[in-house]
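Peer 1: structure of the sequence below:
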Amino acid sequence: MSNLYKTDAILLDYSERNERDKLLVFYAKNFGKINILGKGVRSAQSKLGPNLALFSLLEIVFVAKKSFSSSNGNANGNNWLLTDAAEIDSFPSVKKNEKKFFLAGNWSLFLKRFIIGPQEDALLWKIILSGFDFLNKQNLNGEDLKNFDLLFKLNALKELGHLNHEKIDFPLTLPQIAKNQKICEEILAQSEKQSQL
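Peer 2: Model (predicted):
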């Protein structure tokens, strides 16, 4: 019998597997980045489908499964099957504001690129969760939104070990970013360029 796993997670992305299923990409509090098959979640009768809104904080339950094949499986070779999902916070402002939604999508791509596979990281979880929470609660526009994006990405890169820079002190704050915006932009661009090599 398969073990049940339960954790809080943010749904970062998904891809449709067929007419009924989705491969869901979560960043989970106790597991890090993890891909989980949502069997039947695209069906109109699915009890889980309505709870799986992109960029939502969820409590998920899943089991280890060996009965489906996936080239997008986890680094540890396990395949996961979602058995339950309950919404904790939908971050409604992120979904209603086009600029915030675009930024959340950009964060998703960024995290998928820099996080290799499943590994619990309490500080990275805190950075991601507080980032989505702040984005949801604050009225950010223009430079504030740009600075918050820099703050999120640079703190995440530092925690992931992709950033060791002497020009700025970590953990960063919004006032530091605003004061050193040009340097921060250069550091981020340099880190992203190195990741493509």
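Peer 1: now the helix or strand F110 falls within - C-alpha only, CSV.
Peer 2: Element membership of F110 [criterion: DSSP states H and E] is helix 98-114. Taking Å, rounded to 0.1, in the frame of the first residue of the first chain, the C-alpha atoms of helix 98-114 are listed here in CSV:
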residue,chain,number,x,y,z
GLU,A,98,-3.2,41.6,-14.9
LYS,A,99,0.2,42.9,-13.9
LYS,A,100,0.3,40.9,-10.7
PHE,A,101,-0.8,37.8,-12.6
PHE,A,102,1.9,38.3,-15.2
LEU,A,103,4.5,38.7,-12.4
ALA,A,104,3.3,35.5,-10.7
GLY,A,105,3.6,33.7,-14.1
ASN,A,106,7.1,35.1,-14.5
TRP,A,107,8.0,33.9,-10.9
SER,A,108,6.7,30.4,-11.9
LEU,A,109,9.0,30.2,-14.9
PHE,A,110,11.9,31.6,-12.8
LEU,A,111,11.4,29.0,-10.0
LYS,A,112,11.0,26.1,-12.4
ARG,A,113,14.3,27.1,-14.1
PHE,A,114,16.4,27.5,-11.0
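Peer 1: quick check: next helix or strand after it?
Peer 2: helix 122-137.
Peer 1: chain center to that following helix, what's the gap?
Peer 2: 10 Å (C-alpha atoms, centre = their mean, to the nearest Å).
Peer 1: next: stretch 100-110.
Peer 2: Centre to centre, stretch against its chain (C-alpha atoms, centre = their mean), the figure for stretch 100-110 is 9 Å.
Peer 1: the chain should start at 40 in everything you say after this.
Peer 2: Will do, 40 is the new start, and the previous item becomes stretch 139-149.
Peer 1: check which residues of it are buried.
Peer 2: Under the neighbour-count criterion of 16 or more other C-beta atoms under 10 Å, stretch 139-149 has 139-140, 142-143, 146-147, 149 buried. All C-beta atoms are positioned from the backbone trio N, CA, C, and that covers glycine.
Peer 1: what does it rub up against?
Peer 2: 51-52, 64, 93-94, 130, 132-134, 167, 170-171, 174-175, 179, 184, 188, 191-192, 195 (C-beta atoms under 8 Å, 6 or more residues apart in numbering).
Peer 1: before we move on, back to that, what is the mean pLDDT for the helix holding F149?
Peer 2: Mean per-residue pLDDT for helix 137-153: 95.
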